[in-house]
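S.K.: Okay, here's the prediction I keep looking at, along with the sequence it came from:
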Amino acid sequence: FLSPRAVERRLRCAQEEVGAEEKETSNVAVLFSGGVDCTAIATLMHSCLSPALAIDLLNVSFGASEEDCERAPDRLSGRSTLEELQACFPDRVWRFVAINVTHEEVLLHSEHISAVLHPLDTVMDFNIGAALWFAGRGQGTLSDGTPYCSRARVVLSGAGADEQLGGYARHVTAACKDSDSAGWHLLREELHRDLRRLWIRNLGRDDRCIADHGKEMRHPFLDEDFMIFVKTLP
């Protein structure tokens with residue numbers, strides 16, 4: 001699915017910046033919705049990093065209240081997957097950072113976020129960009145309710161997984177056309193189209209939102225070796 005090397009390459013410098021004696025310090029994080037892509041990345045991060053280092057799991061949720069945020073699908077799946085990671089790798093410090101964002105806070109920062117997003121200006125770009133911007137800021141609470149701000153300078157993302165492996169609803173639509181041969185042909189075209197425009201539609205926007213907080217986003221699913229491997233699959 002995803003090579004450990006693709007993740008290890010993106011962590012090589014990060015853990016050198018933190019002394020191993022700093023038991024629960026984290027200089028790396030992952031954008032964490034609890035889905036398959038980010039869980040694969042988190043699991044491989046565990047295999048690549050010193051056991052002395054914590055891993056920050058940045059989970060963003062929007063709502064009018066804390067209760068609303070806790071009911072959001074990504075928050076529910078994030079906490080559920082956190083339990084699985086803790087059960088599988090109990091010696092690792094998994095620091096789940098619940099980043100709750102109210103509508104008022106979005107309005108407060110909307111002008112700045114829009115400037116960071118420029119030249120992209122659609123509603124979808126703002127919604128995605130806002131989530132990434134607040135994730136990059138890293139201000140939230142830990143599982144015990146303690147306020148926490150992530151110090152991680154490297155943030156790993158699952159970008160590129162859906163575009164290569166058919167993660168969007170439109171991919172299902174394309175694959176379910178009248179005949180099997182037509183469906184697979186249309187699906188291939190849709191995947192190629194998504195991948196070609198990923199650099200324009202997604203990566204610049206995402207990088208600006210994270211970099212605005214002095215952090216760097218890295219993408220294991222866009223590792224060249226992994227992309228070449230995917231292209232060899234039927």
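M.R.: Yep, that arrived.

S.K.: what packs against the one helix or strand D206 maps to?
M.R.: Using DSSP states H and E, D206 sits in helix 204-211. Under the contact criterion of 3 or more C-beta pairs under 8 Å, 6 or more residues apart in numbering; DSSP states H and E, helix 204-211 touches helix 103-117, helix 123-137, strand 216-218. Placement of C-beta: from N, CA and C, glycine included.

S.K.: what about 10 Å?
M.R.: Applying 3 or more C-beta pairs under 10 Å, 6 or more residues apart in numbering; DSSP states H and E, we find helix 204-211 packed against helix 103-117, helix 123-137, strand 154-156, strand 216-218.

S.K.: out of these, deepest packed?
M.R.: Highest mean neighbour count of the helices and strands packed on helix 204-211: strand 154-156, a mean of 24 (counted as mean count of other C-beta atoms under 10 Å).

S.K.: Tell me the spacing between T232 and P147.
M.R.: Using C-beta to C-beta, to the nearest Å, T232 is found at 47 Å from P147.

S.K.: need the strands for the chain, in chain order.
M.R.: 28-31, 55-62, 94-101, 139-141, 147-149, 154-156, 216-218 (DSSP state E).

S.K.: Which one of those lies nearest to C88?
M.R.: C88 lies closest to strand 94-101 among those, at 10.1 Å (C-beta to C-beta).

S.K.: From the chain's centroid, how far away is the helix holding D206?
M.R.: In terms of C-alpha atoms, centre = their mean, to the nearest Å, the centre of helix 204-211 is found 12 Å from the chain centre.

S.K.: What's the mean pLDDT across it?
M.R.: Helix 204-211 shows an average pLDDT of 96 in the prediction.

S.K.: that older thread, let me have the strands of the chain in CSV, adding mean pLDDT and distance to L82 as columns.
M.R.: Formatted as CSV, those follow (pLDDT from 0 to 100; distance: least, C-beta to C-beta, whole Å):
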stretch, mean pLDDT, distance to L82
strand 28-31, 96, 12
strand 55-62, 97, 7
strand 94-101, 97, 5
strand 139-141, 97, 13
strand 147-149, 96, 14
strand 154-156, 96, 16
strand 216-218, 95, 21
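
S.K.: Quick one: those strands as TSV, columns for distance to A115 too.
M.R.: Below are the strands of the chain laid out as TSV (distance: least, C-beta to C-beta, whole Å):
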stretch	distance to A115
strand 28-31	22
strand 55-62	20
strand 94-101	18
strand 139-141	20
strand 147-149	23
strand 154-156	21
strand 216-218	19
